[in-house]
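Trainee: I'll drop the sequence and a predicted model, then ask my questions.
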Amino acid sequence: MTTCTRRIEWDAAHRVMRHESKCATLHGHRYAAEITCQGDLDSVGRVVDFGEIKRLVGAWVDEVWDHTTIYNSLDTKLEAFLLDEVKQGKREPYAMEGEPTAENIAAALLEVANLLLANERTGLRVIKVRVWETPNCYAEVVA
């Protein structure tokens, strides 16, 4: 089996409400994700067209995560503020189960990417997602 990886970037805010330091404060990042797919080569010699990863997964990220706030669904104070912002025309926030750490964001993106890209006929599946929270720090989830 061969792999290929596509990078996708977006901007979002988050806070890790149970963090013991300054990350408990709402702040933003320029996230980058590396989506790694595995499968047999197609007739062109590709695992999957890089453009398909961008078209499907990139569009989902643009629609759901870009320029919004990713937050813990239990963070009711932040949620109330964000939903008030939505009433004023701001982007819909994204509630996730658990803290919006790079690890949990990578796990969520792995699940979404597989829903959008996996193909039993070609054997294509997403086997790894690496999410860079800063230029120096990333978390990786392997299927």
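Mentor: It's in. Numbers count the residues shown, from 1 in each chain.
Trainee: would you put the C-alpha positions of stretch 68-85 in CSV?
Mentor: Taking Å, rounded to 0.1, in the frame of the first residue of the first chain, the C-alpha atoms of stretch 68-85 are listed here in CSV:
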residue,chain,number,x,y,z
THR,A,68,-15.0,30.1,14.2
THR,A,69,-14.6,28.8,17.8
ILE,A,70,-14.1,25.2,18.6
TYR,A,71,-15.2,24.6,22.1
ASN,A,72,-16.0,21.9,24.7
SER,A,73,-19.7,21.3,24.8
LEU,A,74,-19.6,21.5,28.6
ASP,A,75,-18.2,25.0,28.5
THR,A,76,-21.6,26.6,29.0
LYS,A,77,-20.3,30.1,29.7
LEU,A,78,-18.4,30.3,26.4
GLU,A,79,-21.3,28.6,24.6
ALA,A,80,-23.7,31.3,25.8
PHE,A,81,-21.4,34.0,24.6
LEU,A,82,-20.9,32.3,21.2
LEU,A,83,-24.6,31.7,20.6
ASP,A,84,-25.3,35.3,21.4
GLU,A,85,-22.7,36.2,18.7
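Trainee: List the buried residues in that stretch.
Mentor: Burial within stretch 68-85, assessed by neighbour count using 16 or more other C-beta atoms under 10 Å, is assigned to 68-72, 75, 78-79, 82. Placement of C-beta: from N, CA and C, glycine included.
Trainee: Distance of the residue nearest to the spatial centre of the chain relative to Lys22?
Mentor: Central residue check for the chain by C-alpha atoms, centre = their mean: the C-alpha nearest the mean position is that of Leu109, 4.1 Å away. The spacing between Leu109 and Lys22, counted by C-beta to C-beta, to the nearest Å, is 25 Å.
Trainee: Secondary structure element for Glu63, which one?
Mentor: Assessed by DSSP states H and E, Glu63 sits inside helix 59-64.
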